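Novice: A structural model of the following input is requested.
(one chain, ligands or ions: 1)
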Amino acid sequence: MRILIVEDDPVLADGLTRSLRQTDFAVDCVSDGAQADHVLASQNYDLVILDLGLPKIEGFEILRRLRRRGSRVPVLILTARDVLEDRVKGLDLGADDYLTKPFDLPELEARVRALIRRGQSGGSSVLSCGPLTLDTSGRRAMLHGEPIELSARELGVLEALMMRSGRVVNKEQLAEQLYGWDEEVGANAIEVYVHRLRKKVEPGGVSIRTIRGLGYLLEKPGHAPD
Ligand code: CA
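Specialist: Residues are numbered from 1 along each chain as shown. A predicted model of the protein is given here:
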């Protein structure tokens with residue numbers, strides 16, 4: 001079980017890290033929002049403990065970007081302010097639980113265990129298209145039972161296509177899956193990701209058709225082209 005702690009108070013971060021490591025979790029810790037966003041876009045965790053007031057990128061924005069990339073990793077928000085508005089905003093953005101500082105470590109540990117259990121039982125969803133499967137919570141894709149190596153953005157493109165398998169997905173929908181609101185999307189970035197993804201899935205018989213002027217269509221093997 002791997003946990004990411006995002007907390008800029010070094011004393012609290014250290015205490016949390018030690019306490020959770022003793023409970024046999026693998027714990028990574030970052031102290032600013034930009035690092036957190038980067039790490040969450042490239043690595044898989046079973047749980048994220050997220051402070052709200054952070055340098056560079058605030059906690060709500062990290063959560064917003066995480067959910068926009070399609071991640072369903074459980075998120076426990078930590079905040080110094082017990083403000084109803086914050087609580088509602090956090091839950092609206094897809095947080096799973098909320099703890100107000102100061103808190104007791106045993107309470108945090110109990111909530112962490114509960115969230116991880118919940119994430120394992122109900123949160124997982126596996127998308128499939130012929131021989132291709134994608135575990136959206138584990139962020140893993142398999143082709144004919146073999147794992148395929150995908151970057152976070154390739155995985156995002158694949159997830160968007162698989163969620164709408166058999167229907168055309170346009171570039172705007174793909175960009176939405178991949179980028180935060182304030183990120184510039186290069187004109188051909190999506191084409192590049194689709195091109196790379198094609199090279200990885202087409203040997204297995206799954207094809208990504210370009211529908212000119214409309215977008216892309218994921219098709220399983222044996223589907224007769226028009
Ligand atoms: Ca803080």
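Novice: Buried residues, stretch 142-149. List them.
Specialist: By 16 or more other C-beta atoms under 10 Å, the buried positions in stretch 142-149 come out as 142-143, 148. Bear in mind the C-beta positions are built from the backbone N, C-alpha and C, glycine included.
Novice: Actually, stretch 61-81.
Specialist: 61-66, 68-79.
Novice: same check, this time on stretch 97-112
Specialist: The neighbour-count check on stretch 97-112 (16+ other C-beta under 10 Å) flags 97-99, 108-109, 111-112 as buried.
Novice: Is there contact, residue-wise, from stretch 99-117 to the ion?
Specialist: No: contact of stretch 99-117 with the ion is not found when judged by C-beta under 5 Å from the ion; the minimum separation is 8.9 Å.
Novice: could you dump that stretch to CSV, C-alpha only?
Specialist: This file holds the C-alpha atoms of stretch 99-117, laid out as CSV (Å, rounded to 0.1, in the frame of the first residue of the first chain):
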residue,chain,number,x,y,z
LEU,A,99,-9.8,16.0,8.9
THR,A,100,-9.3,19.3,10.8
LYS,A,101,-6.0,20.1,12.4
PRO,A,102,-5.0,19.4,15.1
PHE,A,103,-6.0,15.7,15.1
ASP,A,104,-4.8,12.6,16.9
LEU,A,105,-2.7,10.2,14.9
PRO,A,106,-4.8,7.1,15.9
GLU,A,107,-7.8,8.9,14.3
LEU,A,108,-5.9,9.6,11.2
GLU,A,109,-4.7,6.0,11.0
ALA,A,110,-8.2,4.7,11.4
ARG,A,111,-9.5,6.9,8.6
VAL,A,112,-6.6,5.9,6.3
ARG,A,113,-7.4,2.3,6.8
ALA,A,114,-11.1,2.9,6.2
LEU,A,115,-10.4,4.8,3.0
ILE,A,116,-8.0,2.2,1.7
ARG,A,117,-10.5,-0.6,2.3
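Novice: Name the residues that touch it?
Specialist: 1, 3, 12, 15-16, 19-20, 23, 25, 46-47, 49, 74, 76-82, 96-97 (C-beta atoms under 8 Å, 6 or more residues apart in numbering).
Novice: Repeat the analysis, applying 7 Å as the threshold.
Specialist: 1, 19-20, 23, 46-47, 74, 76, 78-80, 82, 96-97 (C-beta atoms under 7 Å, 6 or more residues apart in numbering).
Novice: Tabulate those residues (CSV), appending pLDDT and secondary structure.
Specialist: Shown next, in CSV, are those (pLDDT from 0 to 100; DSSP: H, G, I helix; E, B strand; the rest coil):
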residue, pLDDT, secondary structure
1, 73, coil
19, 90, helix
20, 89, helix
23, 76, coil
46, 83, coil
47, 92, strand
74, 93, coil
76, 95, strand
78, 92, strand
79, 86, strand
80, 81, coil
82, 70, coil
96, 90, coil
97, 90, strand
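Novice: Looking at those residues, spot the one nearest the ion.
Specialist: Ranked by distance to the ion (C-beta to the ion), the contacts of stretch 99-117 are led by residue 80 at 7.1 Å.
Novice: Give me the phi and psi for that closest one.
Specialist: Dihedral pair for residue 80: phi -80, psi -20, per degrees, to the nearest 10.
Novice: Report the separation between it and residue 114.
Specialist: Residue 80 sits 23 Å away from residue 114, going by C-beta to C-beta, to the nearest Å.
Novice: just residue 154 next, same as before
Specialist: For residue 154, the distance to residue 114 equals 33 Å [C-beta to C-beta].
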